[in-house]
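[1] below is the structure, and that's it, no one-letter string:
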């Protein structure tokens, strides 16, 4: 079993900053990509940022230059530093981890999601 748990959401004024954390734990052989996604009310879930195990990052255009994704491979943790927050950043932020597990003498790569952490940006 693998668990993915986010933390760090909250209420912040426009222009402020928040730092989200996400830790994966359990029977993990290896973690490949990790990422953050968000879902605003009435909208579909969208990609915010991803990072590979080697540190290659990818950002949605709407957050580029304001958000920074990073990870600590030793801790199986990914972070999202969010600066210059806007009301349109309000959403539930979900962490995703592409995890390789060992099962029945075989390796399987599966996507695991956290339950989300809410970020609210007031104007």
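    Thanks, I have the structure now. The model shown is predicted, which means the values in this text are computed figures rather than measured ones. Numbering: from 1, shown residues only.

[2] which strand runs longest in this protein?
    strand 91-103 (DSSP state E).

[3] the residue most central in space within the chain: what's it in contact with?
    The residue lying closest to the centre of the chain (C-alpha atoms, centre = their mean) is residue 36, at 2.7 Å. Shown in contact with residue 36 (C-beta atoms under 8 Å, 6 or more residues apart in numbering): 20, 22, 47-50, 69, 78, 80, 93-96. C-beta here means a position set from N, CA and C on the backbone, and glycine is covered the same way.

[4] count of neighbours near residue 116?
    Counted by other C-beta atoms under 10 Å, the residues lying close to residue 116 total 17.

[5] isn't it up against residue 93?
    Yes. Counting by C-beta atoms under 8 Å, residue 116 does reach residue 93; the two are 6.3 Å apart.

[6] mutual contacts of the two, please.
    Between them, residue 116 and residue 93 share the contacting residues residue 6, judged by C-beta under 8 Å, 6+ apart.

[7] on that earlier part again, beyond the longest strand of the chain, next helix or strand please.
    strand 106-113 (DSSP states H and E).

[8] and the average pLDDT for that next one is what?
    Regarding strand 106-113, the rounded mean pLDDT is 94.

[9] list the contacts of that strand.
    2-4, 24, 29, 32, 94-102.

[10] buried set for stretch 23-34?
    Within stretch 23-34, the residues that qualify as buried are 23, 24, 28, 31, 33, 34, counting by 16 or more other C-beta atoms under 10 Å.
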